[in-house]
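[1] requesting a structural model of the entry that follows:
(one chain, ligands or ions: 1)
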Amino acid sequence: MADAAHYLGLDIGGTFLKAARVDAGGQVVERRREPVASGDAGALLAQLETVARGLGGAARGCGVGLPGFVDRRTGVVHGVPNLRVLEGVALARELSERLGVPTAADNDANAAALAEAWQGAGRGAESVLMLTLGTGVGAGLVLGGRVYTGRSGYAGEFGHLQVKPDGVPCGCGSWGCLETEVGVAGWVRRAAAARERAGGRTALAGVELDPERIVEAAKAGDAVALAVVDESAALLGVAIAFALDLLNVEKVVIGGGVAAAGEFLLGRIREQVRRRTFPQIFADAEIVPAALGGDAGVVGAARLAMQAAGAA
Ligand SMILES: [Zn+2]
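    Sure thing, here's the model as predicted:
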């Protein structure tokens, strides 16, 4: 019989808590999903404890992905604008005391990256950069099977690379960040401006804009929409090329809702990266779609639990 050990993965979002019991091979055995108890830290900790116990008291460890940062030196959570009750909480320590098992916590994008590197599109690669393209642009860097967090947990904040020195202000305090340009709001803003310039001569005229609609129109041959897609690919290409030249990583995994555009977008991103990197770096880097979908968060959190328990 294979290793029968199980681990718990919790993925705390701004709205929903996803939780799963995961086996040592990365398979989800059981899962839960419920609204996050966001009233205060005590209520949230109690909810996490209840969900964790409900999923399996015999689990050997618990991992948590959350929408903020964890200071590597202190274990304290910070930078959680979408779930302020977690601010200042030493989450892993609190949960470990309640559950009696080794517990780890990290940024949700880092957990997703760890999952893809372990059992998803980055499997087998020594170095993986994962980008999640959605409302925001999340990212995580996995080196040698471990998340690289940097000193205060901010490593891999790829969405805040400045790709437009004359761009719009970003919540991080900078401006022209990748996230302000190719997060959902960025796609919509650029498409609205392009539609305006086209004087309505585009399939985007009169429609409520979102990345999916823009990609659809581009695929159908609308020149204005296609220019918006090409610009998105170029901006992502600039940022990914930065990362490749700096790190020479093996795999760049791209997931999130916007990545559902598939090869139409991915192929364009690859071409933009190719133009901006050393040929050898480009040749040795695969840019591939994510494989784990919505499970990445809980599977990555379970992998954090395995690492906290010394089993990986
Ligand atoms: Zn920013």
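[2] buried residues in stretch 260-268?
    Neighbour-count burial for stretch 260-268 flags 261, 265-266, 268 (criterion: 16 or more other CB atoms under 10 Å). To be clear about C-beta, it is placed using only N, CA and C from the backbone, and glycine gets the same treatment.
[3] give me the number of residues near Asp71?
    Asp71 has 16 neighbours, counted by other CB atoms under 10 Å.
[4] please apply the same query to the one 4 residues further on.
    One way to gauge burial is a neighbour count; for Gly75, by other CB under 10 Å, it gives 18.
[5] quick check: it touching Ala92?
    Yes: counting by CB atoms under 8 Å, Ala92 is a contact partner of Gly75 at 5.5 Å.
[6] give me the common contacts of these two.
    Taking CB atoms under 8 Å, 6 or more residues apart in numbering as the criterion, Gly75 and Ala92 both touch Ala105.
[7] picking up where we left off before, okay, who's weakest in the buried residues of stretch 260-268 by pLDDT?
    Across the set of those, Ala261 stands lowest in pLDDT, at 93.
[8] so how many other residues sit close to the nearest residue to that residue once chain neighbours are set aside?
    Nearest non-adjacent residue to Ala261, counting by CB to CB, 6 or more residues apart in numbering: Val215, 4.4 Å away. Residues lying near Val215 (other CB under 10 Å) number 22.
[9] ok, then the element right after the host helix or strand of Val215?
    Taking DSSP states H and E as the definition, Val215 sits inside helix 211-219. Downstream of helix 211-219, the next assigned helix or strand under DSSP H and E is helix 223-247.
[10] ok, and does that next one reach over to the ion?
    No: with CB under 5 Å from the ion as the criterion, the ion is not reached by helix 223-247; the gap is at least 11.8 Å.
[11] in that helix, what counts as buried?
    224-244.
[12] looking at it, Glu87 is touching Val70, isn't it?
    No: Glu87 is beyond contact range of Val70, at 11.8 Å (criterion: CB under 8 Å).
[13] which of these two has more neighbours?
    Set Glu87 next to Val70 and count neighbours by other CB under 10 Å: Val70 wins out with 27 against 14.
[14] the stretch 101-250 of the chain against the ion: which residues are in contact?
    Along the stretch 101-250 of the chain, the residues adjacent to the ion under the rule CB under 5 Å from the ion are 160, 170, 172, 174, 177.
[15] Gln307: which of the residues you listed is nearest?
    His160 (26.3 Å; CB to CB).
[16] for the closest one, what are phi and psi?
    Here is the backbone geometry of His160 (degrees, to the nearest 10): phi -110, psi 20.
[17] please shift the residue numbers so they start at 27 in all later answers.
    Shifting the count to begin at 27 puts that one at His186.
[18] residues contacting it?
    The neighbourhood of His186, defined by CB under 8 Å, 6+ apart, consists of 196, 198, 200, 203-205.
[19] any idea which of the residues you listed is least confident?
    Of all these, Cys198 carries the smallest pLDDT score, 90.
[20] wait, what's in contact with it?
    Here Cys198 is in contact with 183, 186 (criterion: CB under 8 Å, 6+ apart).
[21] how near is it to Ala135?
    According to CB to CB, to the nearest Å, Cys198 stands 14 Å off from Ala135.
[22] ranges for the strands of this structure?
    32-38, 42-49, 54-61, 88-92, 95-96, 103-104, 129-133, 153-159, 163-169, 172-173, 277-281, 312-315 (DSSP state E).
[23] in CSV: those strands, plus mean pLDDT and distance to Ala67.
    Rendered in CSV, the data for the strands of the chain read as follows (pLDDT from 0 to 100; distance: least, CB to CB, whole Å):
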stretch, mean pLDDT, distance to Ala67
strand 32-38, 97, 12
strand 42-49, 97, 14
strand 54-61, 96, 16
strand 88-92, 97, 12
strand 95-96, 94, 15
strand 103-104, 95, 10
strand 129-133, 96, 13
strand 153-159, 96, 26
strand 163-169, 95, 23
strand 172-173, 96, 24
strand 277-281, 97, 30
strand 312-315, 98, 37
